[in-house]
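# Predicted model and sequence below, questions to follow.
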Amino acid sequence: MLLKVHGEDVYCYTGGKPFDAGLPTIVFLHGAQNDHSVWILQTRYFAHHGFGVLAVDLPGHGRSKGAPLATVEEMADWLLATLDAAGIGRGIVAGHSMGSLIALETACRAPQRVAALALLGTAWPMKVSPALLEASLHREQSAIDMVNIWSHSTMSHKPSSPGPGFSVMGGSRRLMQHVAARNTAPVFHTDFSACNAYAGGDTAAASVSCPTLFLLGRRDQMTPPKAASRLTGAIPHAEVSFIEDCGHQMMAEQPDAVLDRLYGFCARVASAIRGE
């Protein structure tokens, strides 16, 4: 589905079904140098099991036009404009990595628009090392390689991978190369800089009153579980769930575990909303 936001085309994947704003809506936000496709299994299941789904491509990523946005705050404002364009008054917002910061900031800025939060592979502060920031600007392929090594729990995945011969790490690496090839702007560096500079985590987390799920990979080296402690401590009513044998790219490494926990949480939220 294509929307117009601030004069630019915005692509939203709807899970293989036409978007129905009359259903409980869940919005999926990807991380740095990614696009909507990182959510492909989860979004299709949600769309075929009672939810309206929007998995957005952020500006400059995937099929969305425009320059990548420079700050998490700008991305949150852009997301609210996207919800307006889609006719969504209130929905569940799920974000992975950089997307989790966008979701958190959105809930702070417009709490009436966010029915629940799901924060996957999150951390705050989400600092990026100077070496990785430099590589993302001047040696992008090296940055892609480093991030993919650090984002996966193992170089050789088990037979439980989605299909015979499927390379979890190779797929993630190729997606990042694809995002880079589609945009001449320094997308990776812009995304990492936004994560590194975001200073509003404490304030945003303290403002959250909606149901919240933290989903964290036990073997995540990009955003280790302990790096989420300031956020989990600031949202005492939140559910915190850990996935074993899982790194940062959890939607690809442990897709069924992510789906089971995310869908269970969202189904409870949707039931509570219907009972209001």
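Received, thanks.
# by contact count, what packs against the longest helix seen in the chain?
The single longest helix within the chain, with elements called by DSSP state H, is helix 255-274. Under the contact definition 3 or more C-beta pairs under 8 Å, 6 or more residues apart in numbering; DSSP states H and E, helix 255-274 sits against helix 40-47, strand 91-96, strand 114-120, strand 212-217, strand 239-243, helix 250-253. All C-beta spots, glycine's among them, are computed from the backbone N, C-alpha and C.
# Can you mark which positions in the fifth one are buried?
Under the neighbour-count criterion of 16 or more other C-beta atoms under 10 Å, strand 239-243 has 239, 240, 241, 243 buried.
# Dump these into a markdown table; add pLDDT and distance to residue 216 as well.
Putting those into a markdown table (pLDDT from 0 to 100; distance: C-beta to C-beta, whole Å) gives the following:
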| residue | pLDDT | distance to residue 216 |
| --- | --- | --- |
| 239 | 98 | 11 |
| 240 | 98 | 7 |
| 241 | 98 | 7 |
| 243 | 96 | 7 |
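# from those, which single one is nearest residue 217?
In terms of C-beta to C-beta, no member of these lies closer to residue 217 than residue 243, at 5.3 Å.
# if we can go back for a sec, quick one: closest of the helices and strands packed on helix 255-274 to residue 3.
Each of the helices and strands packed on helix 255-274 has some distance to residue 3 by C-beta to C-beta; the shortest is strand 91-96, at 14.5 Å.
# Neighbouring strands - and their directions - for that closest one?
strand 25-29 (parallel), strand 114-120 (parallel) (DSSP bridges).
# now for those, which one comes closest to residue 95?
Nearest to residue 95 among the strands paired with strand 91-96 is strand 25-29 (3.8 Å), distances taken as C-beta to C-beta.
# Between helix 40-47 and that closest one, find me the angle.
If you take axes from the mean of the first three to the mean of the last three C-alpha atoms, to 10 degrees, strand 25-29 sits at 170 degrees to helix 40-47.
# which residues touch strand 25-29?
With contact meaning C-beta atoms under 8 Å, 6 or more residues apart in numbering, strand 25-29 is reached by 36, 39, 42-43, 46, 51-56, 58, 79, 83, 88, 90-96, 98-100, 102-103, 266.
# what pLDDT, on average, does that strand get?
Averaged over strand 25-29, pLDDT sits at 98.
# Pull the distance from it to the chain's centre.
In terms of C-alpha atoms, centre = their mean, to the nearest Å, the centre of strand 25-29 is set 9 Å apart from its chain centre.
# Now do the strands for the stretch 1-150 of the chain: every range, in order, please.
2-5, 8-13, 25-29, 52-56, 91-96, 114-120 (DSSP state E, counting those that start in this stretch).
# Serialize the ones you listed to a markdown table and add fields for mean neighbour count and distance to residue 203.
A markdown table is the format used below for these (neighbours: other C-beta atoms under 10 Å; distance: least, C-beta to C-beta, whole Å):
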| stretch | mean neighbour count | distance to residue 203 |
| --- | --- | --- |
| strand 2-5 | 16 | 26 |
| strand 8-13 | 19 | 27 |
| strand 25-29 | 27 | 20 |
| strand 52-56 | 27 | 24 |
| strand 91-96 | 26 | 17 |
| strand 114-120 | 27 | 15 |
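# want to throw those strands into JSON lines with distance to residue 70?
Below are these laid out as JSON lines (distance: least, C-beta to C-beta, whole Å):
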{"stretch": "strand 2-5", "distance to residue 70": "16"}
{"stretch": "strand 8-13", "distance to residue 70": "15"}
{"stretch": "strand 25-29", "distance to residue 70": "17"}
{"stretch": "strand 52-56", "distance to residue 70": "18"}
{"stretch": "strand 91-96", "distance to residue 70": "18"}
{"stretch": "strand 114-120", "distance to residue 70": "22"}
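# For residue 67, which of these is the nearest?
Minimum separation from residue 67 across these (C-beta to C-beta) falls at strand 8-13, 9.0 Å.
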